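Q: Make a model of this:
(chains A and B)
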Amino acid sequence: MSLIYVAKRFGVFLLIVWLAATLNFFLPKLSGQDPVESKLMQEASLGGYVHAGIEDMAKEYQHKFGLDKPLWQQYLSYLADVSHGNLNFSIANYPRTVAGMIRDALPWTIGLLGLTTLFSFAAGTLLGALLAWPGAPRWMRFIMPPLWALHAIPFFLLGLVLMYVFAFQVPVLPIFGGYSAGASTGFTLTFVLDILRHAVLPALSIVLVSIGGWALAMRGMMVTTMGEDYVTFAEAKGLRSATIFARYCVRNAILPQTTGLALALGQILSGAVLVEVVFGYPGIGALLFQAIEENDFFLIQGVVFTVIVALGFATFLLDVLYPWLDPRISYRRT
Amino acid sequence: MTSSGLRAGRRDVIKGGAALAAATMLPAGVARADLAPIPRDKTMTLIGINSRDGRWVDYELWNPYAIGANHQNGPNLIYEPLAYYSAFADKMYMWLAESFEFTPDFKQLTIKTRPGIKWSDGTPFSAEDVAYTFNSLRDLGPKVKWGVDVHQALDEATATDPNTAVLKFKIPSPRFFFFATYKYDIGIYMVPKHIFDGQDWTSFKHFDTAKGWPVTTGPWKVVESSLQQKVFDRRDTWWAAEQKLAPMPQILRNIWLPFVGEQESAQALITNQVDFGGSLQPATFPTVIQKNPKIITHAGQKPPWGYVDWWPISLYVNNDVAPFSDREVRWALSHYIDRQQLIQVAYLGASSVSSLPMPPYKPLLPYFDAVKDLLAKYNTLEFSPKKGDSLLSAKGFKKRGGMWEGPDGKPFELAIIGTGAAGNAMGPVLSQMLKRHGIAASLSLPPDFDSRFQKGEYVGSIYGHGGSIREPYDTMRLYQGKSIAVPGAHLVNFSRWKNAQFDKLVDEVYVTDPKNVAKLKDLFRAAMEIWLPDLPDIQLVQNYHRIPMNTTRWQNWPTAENPYINGASWHLTYNLVLWNVQAAQA
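A: Numbering: from 1, shown residues only, chains lettered A, B, ... in the order given. As a prediction, this is how the structure comes out:
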């Protein structure tokens, strides 16, 4: 792979980020709502009482956030800010910064969705491969139908069922939250186990739903791969069944899955919003949901920009790594 | 490679992987607090109402004047007031202030603060803090909450000695002390001058547990504040307990959890994981109480499952928009509404009607009595479709295909906007009810409701009245179109109703001593003689706070039998609840 190729791919990555960031800037503004005024009016009527002078207050903060400037100036400021990694203040939660809010939410999402995505990818891929393999144990055939059925259920719906069963009827797991009320927070085994215990139900709802999808896709690829000439040739050579399975079939069938994994990993930042909402899990999906509810331009832009960069970077990384994963692919000019 | 070496390598990999996974799972923002162990039966765990989607987004904001901060989410425990007022007990509790006195013209207020009060960092609390708070609000004006209210009244506040603050006003301000007093969501938070001076109030967070921030005079210190929980431990040196003004709370730790959802709250209450659970819908209570008989509400274990809030709800119609500018049309709408059916369907019977835009609290009952005959004549609760039909017919409206058309032949439409629990519960029922009587009503719950409603960019709206709780001025002020008594006053007037005579009466009430009930009654009656025939907005129902309280670990919650205060944890008076609750097993 040449350096020029990497540079080109990186250029495309930057172009995608810029285009998406531009859309990200203009789309929330199409609603025509004034987030500062909305927030202040909401605050003003807090508990029913109406504070005086909200229009004056709104003007003060529009000036502070630069929202009183012409749109093109706002756009240039936005581009300058994001290029320096400055995501501004949250309008609805001033003086909290968007970067700070994302920093708070990101570890929860990466912890929950990152691990569940990797786990369901690994388990689903292996299951799918074994399902297509004639030598797999018979009992495996009975595992898949329920997993495929679960795949058709939305994450949050399964989450509600799991919550009812394991947190209410048989209360072995916590109902909601990231850790127990009153827990001493710190890097201790007790606290880590507490966090993991709280992650079980949301993680299970994601894993049980997504594992069937990975398995289904892998099984299809395996069936195609098993019909290839090189597999027949390997069998004719008398290679061990396990070698043919792992090195000839799985290794080739897994390539499209890898693409799917890279995209899925990029998408974890946008998260399983409703799972986070149902379990009160303070991840980035719920943060975006909240930002949209409050029409908090800067927070929406910050979260979406982070997602765009993550997705763009995942795609870029995949482009760069693919030739190593699949030697048949080469970007050299012929 | 030896087999033992291989085993060791695998272990290393597993350990490393586990550590990496754990590190990923441990959010950086939570690795900070080492809480002292406190038994569960000395801990009070509650679910807050204002958290968003299971998180406290404002966990760093302990300066209640910061624009994103909200006193409902914990600062209400930290900043003590000059005084508390309980509308249920009709009682003023002088607090940081020992007494106050106005000059006869209400242009000067002298506040005496209590001696012997210290901030949690050891600095004495004094009249300097009071004067600094008020002067800062005056100077900051529109930049912070309450700034404009203080700016339009206050000329200068001076601390004449460590326990005396003198406030001079630009205009007579007979209600200024009551305005600063904590009740419901209204009141001025007294801040420590030695911490706030020199800070930008709009962005100062006042949060650093290592430094002992937020500094407080109250019985609680913040020991942990994160997305997941706000934890307050009891301070064992609290001036009010030392001065025998209040008992030292029996609760040693308060844990405030974010609200996740109705179902999650109900399950946590049933399983005794929480002691005080936000606010629930009427349909949820029977199940919760059946599963956990230790759960009570202000009304006991029966409907309406709560208490009347200060916020009676109306159907507002924009008086600037035809045909709603016509009072006969407004009365016709009122006659088409069957309020009992509305309560039955929207709240499963767990509510009550509201005849005037203020709650029937004890101190307000004399004012209800003063207009009893007027209410008999102008019955704001009467359901009489026939009267509605005849009023519309007399105005030239005609029915075609069961639906009304205006004199111009256009359909009689009413686009209603709503928000929050009231909009969700009543909106669909109300719009359907009006449709049945021939009005093309529709409902939407827009995210920018507050902005549209307050700017008058609406036709119909379901909303409440944050008005009076002790005397009628605050409710009358909600309908004032113009004020001479308060120059430059920012007016509310959601209904866009205008009446110069009514405005004058409100101004007259403004300068009247709130203790002069006889005069206030006369003025209120005179105002209602104008207001009732015009019916600027259509009265619907009372607003209820339906709060579940768990008696498994804590008792003496405020109830109808023991109404020492309204029980909302989000109100500024929640500290009174925390001093009064007692351990169930002493």
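
Q: So what's the predicted local confidence for the closest residue to residue B:526 other than its chain neighbours?
A: Distances taken as CB to CB, 6 or more residues apart in numbering or on different chains place residue B:505 nearest to residue B:526, at 5.6 Å, with adjacent residues excluded. Just so you know, the C-beta spots here come from the backbone N, C-alpha and C atoms, and that holds for glycine as well. Turning to residue B:505, the model gives it a pLDDT of 97.

Q: Counting neighbours, what do you get for residue B:505?
A: Counted with other CB atoms under 10 Å in any protein chain shown, the neighbours of residue B:505 add up to 22.

Q: you'd agree it is up against residue B:527?
A: Yes. Using CB atoms under 8 Å, residue B:505 is in contact with residue B:527, at 4.4 Å.

Q: so what's in contact with those two at the same time?
A: Shared contacts of residue B:505 and residue B:527, defined by CB atoms under 8 Å, 6 or more residues apart in numbering or on different chains, comprise residue B:476.

Q: Name the residue of the stretch 201-334 of chain A that lies nearest to chain B.
A: Going by CB to the nearest CB, chain B is nearest to residue A:280 of the stretch 201-334 of chain A, at 2.7 Å.

Q: residue contacts, that residue?
A: Taking CB under 8 Å, 6+ apart as the test, what residue A:280 contacts is A:176, A:177, A:178, B:53, B:54, B:55, B:258, B:260, B:261, B:264.

Q: I'd assumed residue B:443 was in a strand, is it?
A: Yes. Assessed with DSSP: H, G, I helix; E, B strand; the rest coil, residue B:443 lies in a strand.

Q: residues from the stretch 151-300 of chain B in reach of chain A?
A: B:151-152, B:184-186, B:202-205, B:224, B:226-229, B:231, B:253, B:255, B:257-258, B:260-261, B:263-264, B:267-268, B:270-271, B:273-274 (CB under 8 Å from any CB of the partner chain).

Q: Buried among the residues you listed? Make that a ChimeraX selection.
A: Here is the ChimeraX selection string for the buried members of those, based on 16 or more other CB atoms under 10 Å in any protein chain shown:
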select /B:151,152,184,185,186,202,203,204,205,224,226,227,228,229,231,253,255,257,258,260,261,263,264,267,268,270,273,274
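
Q: Torsion angles phi and psi at the residue nearest to residue B:526?
A: With angles defined as degrees, to the nearest 10, residue B:505 sits at phi -60, psi -40.

Q: remind me, longest strand of chain B?
A: strand B:154-161 (DSSP state E).

Q: Apart from its neighbours in sequence, what residue is nearest residue B:528?
A: Residue B:528's closest residue in space is residue B:371 (CB to CB, 6+ apart), at 4.6 Å.

Q: ok, that neighbour to residue A:322 distance?
A: The gap separating residue B:371 from residue A:322 is 80 Å, by CB to CB, to the nearest Å.

Q: With neighbour numbers in mind, choose between those two.
A: residue B:371 (22 against 17).

Q: how about the more buried one, what does it touch?
A: B:356, B:524, B:525, B:528, B:532.

Q: Counting neighbours, which of these comes out on top?
A: residue B:524 (27 neighbours).

Q: residues in contact with it?
A: Taking CB under 8 Å, 6+ apart, one finds B:367, B:370, B:371, B:472, B:476, B:509 in contact with residue B:524.

Q: Residue B:303 contacts residue B:352, correct?
A: No. Counting by CB under 8 Å, residue B:303 stays clear of residue B:352, with 10.1 Å between them.

Q: Quick one: low-confidence residue ranges for chain B.
A: Low-confidence segments of chain B, defined by pLDDT under 70: B:1-33, B:51-53, B:488-490, B:586.

Q: Which parts of the stretch 151-300 of chain B are helices?
A: B:176-180, B:193-196, B:239-242, B:262-270, B:285-291 (DSSP state H, counting those that start in this stretch).

Q: Pick the most deeply packed of these.
A: helix B:262-270 (a mean of 23; mean count of other CB atoms under 10 Å in any protein chain shown).

Q: Counting by contacts, list what that one packs against.
A: helix A:155-163, strand B:276-277, helix B:285-291 (3 or more CB pairs under 8 Å, 6 or more residues apart in numbering or on different chains; DSSP states H and E).

Q: starting at the chain centroid, how far to the second one?
A: By that I understand strand B:276-277. Centroid displacement of strand B:276-277 relative to its chain, using CA atoms, centre = their mean, to the nearest Å, is 17 Å.

Q: what comes into contact with it?
A: Residues contacting strand B:276-277 (CB under 8 Å, 6+ apart): B:44-47, B:265-266, B:268-269, B:547-550, B:557, B:569.

Q: How about the first one?
A: Applying CB under 8 Å, 6+ apart, the contact partners of helix A:155-163 are A:150, A:175-176, A:201-202, A:204-206, A:208-209, A:272, A:274-275, A:277-279, B:263-264, B:267.

Q: Pretty sure residue A:95 sits against residue B:63.
A: No. If you go by CB under 8 Å, residue A:95 and residue B:63 don't touch, sitting 9.2 Å apart.

Q: what about residue B:566, how many neighbours?
A: Neighbours of residue B:566 using other CB under 10 Å come to 27.

Q: Revised request: answer the last question for residue B:460.
A: Neighbours of residue B:460 (other CB under 10 Å): 26.

Q: looking at it, it is touching residue B:314, isn't it?
A: No. Using CB under 8 Å, residue B:460 makes no contact with residue B:314, being 10.3 Å away.

Q: Now do the phi/psi pair for residue B:43.
A: Torsion angles, degrees, to the nearest 10, at residue B:43: phi -110, psi 140.

Q: could you list every residue that touches it?
A: A:182, B:251, B:252, B:253, B:254, B:255.

Q: which residues does it bridge with?
A: residue B:253 (DSSP bridges).

Q: any idea how far residue B:255 is from it?
A: 6 Å.

Q: One more: residue A:8?
A: 55 Å.

Q: Same check on residue B:247?
A: Counting by CB to CB - residue B:247 and residue B:255 are separated by 21 Å.

Q: All the strands of the stretch 101-250 of chain B, residue numbers only.
A: B:108-113, B:154-161, B:164-169, B:220-225, B:230-234 (DSSP state E, counting those that start in this stretch).
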